[in-house]
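Student: curious how this folds, go ahead:
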Amino acid sequence: MFDTVILLTGPAEREPLATVLKKYNPQLIVQPVSTLADLKAIAPQLFARARLISFLTSIVVPNRILDRLGYSAYNFHPGPPNYPGWMPSHFATYDKVAEFGVTAHIMTQNVDAGPIVGVDLFPVPSRTSVLELEKMTFVALARLFWRLAPALATQTAPLPELPVRWRGRKTTRKMYEQMCELSPDISKEELARRMPVFGAGHLGIDLTVTLHGYKFRYVPAKADRTESPSIVPAGPAESEKV
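Tutor: Model prediction:
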């Protein structure tokens, strides 16, 4: 019998998302988890009665856990179907997209590859910064969750699949790091394009350039090293032998 939702998300999103789910099903048990260790600590017999919902987390749920779930697992991805993978808003900002969005999909062994059950697209004004795009994306993702919450909280059947498929390259952390590795002969135009998107040291990944065996690392001002990157001016670099 379906009576539990395992909610995999951060501390800030945990309470409001749980409140929305319980609004549609007051008897629903919402089990919040934030880490893979939390997931592994759940009693095995609970999975058979549960549905897993992942919202804004980079945690990859092992297939052995997905297989135990009695009522499927759904992920809310902060990017549209044509931007699967890691940090989609950054790559979209670099690409200067005119449209972006968010996706809800069934979780499978392969990341951002399962059947799609919800999409919300929105226009992106020109000159939108990566920080602004991330804010717009969060609002759209919350709106998509609110729209699907009644079915997720009450229906035992899987959500209907949409006739939409994932497409485009699947971005990775390695690809992000490569965008932060600047060539010594990078053009002024390309540097100006990368700095606003990748220059804020997001997740501790800094812009670097290697010259004559030395790696120079651009470190933004401490106040600018936030979870949401912002445009920062050029500054002094640290160097280290490679």
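Student: when you work out contacts or count neighbours from here on, use the C-alpha atoms and nothing else.
Tutor: Fine.
Student: what pLDDT, on average, does the top helix by length along the chain get?
Tutor: When the chain is parsed with DSSP state H, its longest helix is helix 130-154. Average pLDDT, helix 130-154: 97.
Student: and the helix or strand that it is followed by, how far out from the chain middle?
Tutor: The helix or strand immediately downstream of helix 130-154 is helix 173-179, counting by DSSP states H and E. Distance of helix 173-179 from its chain centroid, counting by C-alpha atoms, centre = their mean, to the nearest Å, is 15 Å.
Student: can you list the neighbours in contact with helix 173-179?
Tutor: 86-87, 194, 198, 205 (C-alpha atoms under 8 Å, 6 or more residues apart in numbering).
Student: would you map out the domains in this protein?
Tutor: 4-154, 173-241 (automatic domain parsing).
Student: and those domains, which one averages the lowest pLDDT?
Tutor: domain 173-241 (a mean of 76).
Student: how about stretch 153-171: buried residues?
Tutor: 153-154, 156, 159, 166, 170 (16 or more other C-alpha atoms under 10 Å).
Student: one step back: what's in contact with the longest helix of the chain?
Tutor: Residues from elsewhere that reach helix 130-154, judged by C-alpha under 8 Å, 6+ apart: 5, 20-22, 24-25, 28, 76-79, 89-90, 93, 101-104, 118-121, 124, 159, 196-197, 228-230.
Student: list the beta-bridge partners for the closest residue to residue 180 other than its chain neighbours.
Tutor: Closest residue in space to residue 180, ignoring its immediate chain neighbours: residue 207 at 4.4 Å, by C-alpha to C-alpha, 6 or more residues apart in numbering. Beta-bridge pairing for residue 207 (DSSP bridges): residue 218.
Student: so residue 207 sits against residue 197, correct?
Tutor: No. In this structure, residue 207 is not within contact of residue 197 by C-alpha atoms under 8 Å, at 10.5 Å.
Student: thanks again, I'm all set now.
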